[in-house]
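> Compute the structure for the input listed below.
(chains A and B, ligands or ions: 1)
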Amino acid sequence: MDWLTPTDETAAAEAIRWAAARREPLEIRGQGTKAAVGTPVKAAFGLSLTGLRGITAYDPAELVLTAAAGTPVAEIRTALSDAGQHLPFEPCDLSGLLGSEGEGTLGGLVSAGLSGARRPFAGACRDHVLGVRGIGGSGLPFRAGGQVVKNVTGFDLSKLLCGAWGTLAVLTEISLKVLPAPEAQATLILDGLEEERALSLLRQALRSPADVSGAVHLSGGDTALRLEGPPESVRWRTQGLRDLLGLPCRTLDTDASRDWWDRWQRLEPLQADPDRHIWKLSLVPTQAAAVARLLRQADPALRAAFDWGGGLLWLATSPGLDGAHLRQAIPPGSGHATLIRAPAAVRAAGGVFPPDSPAVTALCRRLKDSFDPAGLFNPGRMA
Amino acid sequence: MQLPVPDPTIVTRRREIVQTLREIVPDGVIAEEAAMRVYDSDGLSALRQMPLVVVLPRTTDQVARVLSACRRDGVNIVPRGAGTSLSGGSTPLGDAVTLGMSRFNRILDIDLDNRCATVQPGVTNLAISWAVEADGFYYAPDPSSQIACSIGGNVAENAGGVHCLKYGLTANNLLGLEMVLMTGEVIRLGGRHLDQPGYDLMGVITGSEGLLGIITEVTVRLLRRPETARAVLMGFDDARQAGACVAAIIAAGIIPAGLEMMDGPAIRAAEDFVHAGYPVTADALLICELDGPAVEVDTLIARVESLARANGATTLRTSTTEDERLLFWAGRKAAFPAAGRISPDYLCMDGTIPRRRLPEVLERMQGLSRQHGLRVANVFHAGDGNLHPLILFDANRPGELERAEAFGADILRLCVEVGGVLTGEHGVGLEKRDLMPVMFGPEDIRQQQRIKCAFDPDHRLNPGKVYPTLHRCAELGKLHVSGGHLPFPDLPRF
Ligand SMILES: Cc1cc2nc3c(=O)[nH]c(=O)nc-3n(C[C@H](O)[C@H](O)[C@H](O)COP(=O)(O)OP(=O)(O)OC[C@H]3O[C@@H](n4cnc5c(N)ncnc54)[C@H](O)[C@@H]3O)c2cc1C
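The predicted structure is shown next:
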């Protein structure tokens, strides 16, 4: 593959106009850390955004950070933590699962729409994208949204581009809403709970006033509940939650708690066997345990990890368990499954993303055409 | 602001259009002038226009049939919830059917285990919180109009409220939608689960001001009501100090449940009206509300108080009872009617600015006030930089409405100039439509309009709202490539 590596938006737009004139499809990339997700793209040319780099505006008191799309996520994390702030949506880091180096770029993070454990409480990646600059398939730059935390002017194109895996437009700059990082945290760990019981406890905690900001159950392992805030508040709520659960549990204080969630953010519990396929299921929380149980009948070696109090189910499955079968385990209207890791040949056969209704599929095709009429960007990646 | 002239070819077909609608919704067509009058404006009451006809469907199927018929017959539609839009989003058009969603008024499902509720779009914002109050839950976004506005209208406007810095706008609290497209197709997006993969259609529909389809069902997330809430009331002799105090609170890592500012004229108007005990000589007032467990609230209150002192607050009171907290809020919540008491009419503006530019913006707004010869009172969602200048005028005096509109437009231009936006929560509608080019370039607007084309290629839904000029979709869809030569001998390759 031949790579075009512009170092600013003008050059990126020029490269796209060149491709548009030749109807030459382009693979759009940051650092390529998530290139192994999605249906493999067939393109002779690639457009790399790593040359568009750097934080262009960040005033912590405004709660807004703007950076070029090719800025490494690590650079953004450092700038935020230096100011005592963070990305509230706690994006998970897929590099351990995918065997890639580093967390990639901001553009990649937003295009993949990655969120993590705090998502049900603080919002998703898309909830924190305030505005973007991008380039459509005819090579014309445009901007959408704004650089302030509250804005409803015009259609919210930023949300459409978040999670579009680079198939609609090439992002060149992104503005994010950021927040102060909590001062303290604690995690309650319960050991050896059976799945159904663990999930019901997580739901009970989430219904309580404890203000939980992380609710995970690793099948056959830890059940973890995180509390964040000022130290006095964390201490008080931890005690309240222990009383509510009424079960023996360990409390991890701030540092140990952070370590636990850092490991979870890198999805370490799923990394053991590199040959397994990794699936990400978004589910109605009360149905998660039943879905896992059903799938275990077909794949007894299945490894399951529940986040979001059951709303998110990560599965490491045996390669023999096929996607259609897996999706049948989800009751209609109760969730979706996305294939996050599998060999290219498996992904090339389709079915990485869940199927939609004919009306939604047709609408999405029209939206794709509206940004990228010649189908230049990452063709087939979301097919 | 001029309303478009109704298309006479549609108006002459009125009888036949009414008949078609009666066949679809036999008991829900309003065509008599007297009965239609309640629909002749929305919250932007300076603009009045009789609709062609009003239809009030009861079912999704009826909505789908109305849309299909309108598409077939070439008739435009103005979707309407409770009609409280402040930007003219639901202002009728003389040649369009007003499609009212008020009969979609049922709460369909409350699921506390999954912490969500599914409701029809005509249910009011506050009714959702009422339905779950006894269980200790609520629906977070709280526009001041929450007793009246519909959840469907909230989705269409991406409504906010005083608590949205901490708890988000409508978009951030929405889990699922059912929508009827102009094709008559019914789509379902999201549900009781989070983050449907694929393009975020729900994201772009939220805040689309009735231009993309008719929302017929909404699933929202419910939050546990915080154990306690207390508020700190701070008065400052100089608005700059108040601005600095807001920045200091956020820099200290505190995200209050609400952080509101009022300027001198707003303080005095509100105090005269509700006697909340506001310091009437102050130049700026802040109300900072903290919520959560009592220990947390106490800790944060102490920090906010010390920041207030450090920034020169001349009044500093903290609520010790729930009644007192509500009293602090009473003045802020009554700011609009209070403006109505000191002036026959007022226009409520809604720009957002980067917070650090506040002192400068307030100062320049005073200059504009002198220039246009009209008074202005400011209330401000200070935490998120969302300004609500209330421009005071008298519509009975010739030329004052026009001057008020011109003043408003200048304020919004100023917001954009300092790095902000035209609207933080009220929407573009008709009111700010012609200002869109101030904030967006031609290609920015074209790309938004291409989205419209993907949903509604004939521009049947709410035409003339949000976008200043309609482009034919066929024209917008063309792939224009200028150049096309190999541009990058100079582009690095690897
Ligand atoms: C006194 C007052 C205070 C206010 N305070 C706030 C505030 O604090 N924060 C805030 O954000 N707003 C506020 N508003 C503005 C207004 O209440 C909101 O914009 C609200 O969301 C409008 O809801 P509605 O049901 O009245 O919608 P309408 O005014 O009927 O419609 C608003 C828009 O939504 C579209 N629409 C309505 N229903 C549907 C549907 N089912 N499907 C598709 N499109 C639809 C309409 O076409 C229109 O474009 C206030 C208004 C008033 C009068």
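
> CA atoms for contacts and neighbours, from now on please.
Will do.

> What residues sit buried inside stretch B:47-56?
By neighbour count on 16 or more other C-alpha atoms under 10 Å in any protein chain shown, the buried set for stretch B:47-56 is B:47-56.

> between those, which is closest to residue B:337?
Using C-alpha to C-alpha, residue B:47 is the member of the buried residues of stretch B:47-56 that lies nearest residue B:337, at 19.3 Å.

> quick check, residue B:378 in a strand?
Yes: checked against DSSP: H, G, I helix; E, B strand; the rest coil, residue B:378 lies within a strand.

> Spatially central residue for the chain, please.
In the absence of a named chain, this looks at chain A. Closest to where the C-alpha atoms of chain A average out (C-alpha atoms, centre = their mean) is residue A:114, at 1.4 Å.

> nope, chain B
Central residue of chain B (C-alpha atoms, centre = their mean): residue B:426, 2.8 Å from the mean position.

> Just give me the neighbour total for residue 137.
No chain specified, so I'll use chain A. Residues lying near residue A:137 (other C-alpha atoms under 10 Å in any protein chain shown) number 29.

> Wait, chain B was what I had in mind.
The burial count for residue B:137: 22, using other C-alpha under 10 Å.

> give me every residue that touches it.
Taking C-alpha atoms under 8 Å, 6 or more residues apart in numbering or on different chains as the criterion, residue B:137 is in contact with B:129, B:222-225.

> ok so, going back, any idea which of the buried residues of stretch B:47-56 is the one closest to the ligand?
Relative to the ligand, the closest of the buried residues of stretch B:47-56 is residue B:56; by C-alpha to the nearest ligand atom it sits at 11.2 Å.

> for the residue of the stretch 151-300 of chain A found nearest chain B, helix, strand, or coil?
In the stretch 151-300 of chain A, the residue that lies nearest chain B is residue A:151 (4.1 Å; C-alpha to the nearest C-alpha). Following three-state DSSP, the label given to residue A:151 is coil.

> got the contact list for it?
Going by C-alpha under 8 Å, 6+ apart, residue A:151 touches A:130, A:145, B:352, B:421-425.

> Among those, which ones are in strands?
Judged by DSSP state E, the subset of those located in strands is A:130, A:145.

> Run through the residues of the stretch 201-350 of chain B sitting next to the ligand.
Applying C-alpha under 6 Å from any ligand atom, we find that the stretch 201-350 of chain B lies next to the ligand at B:209-210, B:213-216.

> do that again at 8 Å, thanks
Contact residues, the stretch 201-350 of chain B versus the ligand (C-alpha under 8 Å from any ligand atom): B:208-216, B:336.

> Equivalent analysis for chain A, please.
Contacts of chain A with the ligand, taken as C-alpha under 8 Å from any ligand atom, are absent.

> Map the structural domains onto the sequence of chain A.
If you go by automatic domain parsing, the domain ranges for chain A are A:48-180, A:184-265, A:268-358.

> Could you provide these in a markdown table, with additional columns for mean pLDDT?
Formatted as a markdown table, the domains of chain A follow (pLDDT from 0 to 100):
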| stretch | mean pLDDT |
| --- | --- |
| domain A:48-180 | 97 |
| domain A:184-265 | 97 |
| domain A:268-358 | 96 |
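
> Quickly compare those and say which is most buried.
The highest mean neighbour count among those, using mean count of other C-alpha atoms under 10 Å in any protein chain shown, belongs to domain A:48-180: a mean of 23.

> Which stretches in the stretch 101-250 of chain A count as helices?
A:106-112, A:119-122, A:125-128, A:157-161, A:195-207, A:231-245 (DSSP state H, counting those that start in this stretch).

> next one: phi and psi at residue 169?
Went with chain A since none was named. The phi and psi torsions at residue A:169 (degrees, to the nearest 10) take the values phi -150, psi 160.

> ok, now residue A:96?
As for residue A:96, its main-chain torsions (degrees, to the nearest 10) stand at phi -60, psi -40.

> hang on, residue B:289 in a strand?
Yes: under three-state DSSP, residue B:289 sits within a strand.

> and it, what is it in contact with?
Residues counted as contacts of residue B:289 (C-alpha under 8 Å, 6+ apart) are B:229-232, B:256-259.
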